[in-house]
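Visitor: Predicted model follows, preceded by the sequence.
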Amino acid sequence: MQYVLGIDVGGTSIKAGIFTLDGQLKEVRTIPTSDLTKPEAFDEVTDGLSNLVSAVDATIADVAAVGLDIPGPVDAEGKVGFLPNIKLDPDGFKNALRSTFMNAKLAFVNDANAAALGEMWMGGAKGVKNFIMLTLGTGVGGGVVLNGQLVAGAVGAGGELGHLTMNYEETRTCGCGRRGCLEQYASASGIVTLYKDACAKAGATPCELSGRSDSYSVFKAMAAGDVCAREAISQMLEYLARAMAQLSCAVDPEMFVIGGGVVGSFDVFKDELTERFQNHCLPICRNTKIVPAALGNQAGMYGAALCALQVEDE
């Protein structure tokens, strides 16, 4: 029996899953990593992956493909671009994987794009060939899938939906160096910023927050009747709806899939988001579905695995 590995690469660890070729997840492992630029670090990962393969009574020869998602742009040819939040030598890592999994196809994909592919394969967009995924987490990521194929773009920046400019009057700078990006309002940290701004304007004391990305507490405060939290969430949804309406003009997706940590509150905001989207979109697009992601933090693993399976045989 053949398998495919889907690997979610993070800054301090990787999460790896081994799948059957039809998408059944058989086993998951978290493998701590050090600086992924050194041979000894590559050895730690390949040893961990080998143990994962053994856990399902398979051998290295049974692995047909290996896919990795990373937090940075990856173009259509699998070339890794800018990596702002992780120390990784892509070529060295690739060579180490090829040395271990000699008969396997290998693919790199952006993490948000991988999540979109995962949702298409086995999640909320299963069976849907044209959709847009928006991941609302610490930042805002995205993935555009057309005719069942991921849109990577010329340099791998396709799907950087969090950096659509939504507010030309913004004075604060986004992490990308520009101002007024969707990420500054629709991310978990953006929601907290909007909430603090609303409290400052109203002369109100914010609820207790565990950190700069604690959007959960803002939603909880809104449910308890906090007017400033209500205002912040409505502002967030307005920016998100405007972005979705613009995207629908360019892509006309069958569906928007909302993922990331904020999706835990999807049932709370879905009706307002739908109403605001319908107020801004072309009338013909009013019935575009808006659904929550289904795979949680495993979506990237699924998508990385699928991306590897889609690599043409050499």
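Guide: Structure received. Residues are numbered from 1 along each chain as shown.

Visitor: rest of the way, CA atoms for contacts and neighbours
Guide: Will do.

Visitor: residue ranges for the strands of this protein, please.
Guide: 3-9, 13-20, 25-32, 63-70, 105-110, 131-136, 140-146, 149-150, 255-259, 289-292 (DSSP state E).

Visitor: Would you mind giving the ones you listed as JSON lines with mean neighbour count added?
Guide: Rendered in JSON lines, the data for those read as follows (neighbours: other CA atoms under 10 Å):
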{"stretch": "strand 3-9", "mean neighbour count": "29"}
{"stretch": "strand 13-20", "mean neighbour count": "22"}
{"stretch": "strand 25-32", "mean neighbour count": "16"}
{"stretch": "strand 63-70", "mean neighbour count": "26"}
{"stretch": "strand 105-110", "mean neighbour count": "26"}
{"stretch": "strand 131-136", "mean neighbour count": "28"}
{"stretch": "strand 140-146", "mean neighbour count": "24"}
{"stretch": "strand 149-150", "mean neighbour count": "18"}
{"stretch": "strand 255-259", "mean neighbour count": "24"}
{"stretch": "strand 289-292", "mean neighbour count": "18"}
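
Visitor: now the ones you listed in TSV, with distance to Lys270 and mean pLDDT?
Guide: Below are the strands of the chain laid out as TSV (distance: least, CA to CA, whole Å; pLDDT from 0 to 100):
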stretch	distance to Lys270	mean pLDDT
strand 3-9	28	95
strand 13-20	30	94
strand 25-32	29	94
strand 63-70	28	93
strand 105-110	27	90
strand 131-136	14	95
strand 140-146	17	92
strand 149-150	25	87
strand 255-259	10	96
strand 289-292	8	97
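
Visitor: Would you format these as JSON lines with distance to Tyr302 included?
Guide: Below are these laid out as JSON lines (distance: least, CA to CA, whole Å):
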{"stretch": "strand 3-9", "distance to Tyr302": "6"}
{"stretch": "strand 13-20", "distance to Tyr302": "8"}
{"stretch": "strand 25-32", "distance to Tyr302": "8"}
{"stretch": "strand 63-70", "distance to Tyr302": "9"}
{"stretch": "strand 105-110", "distance to Tyr302": "12"}
{"stretch": "strand 131-136", "distance to Tyr302": "15"}
{"stretch": "strand 140-146", "distance to Tyr302": "14"}
{"stretch": "strand 149-150", "distance to Tyr302": "14"}
{"stretch": "strand 255-259", "distance to Tyr302": "14"}
{"stretch": "strand 289-292", "distance to Tyr302": "16"}
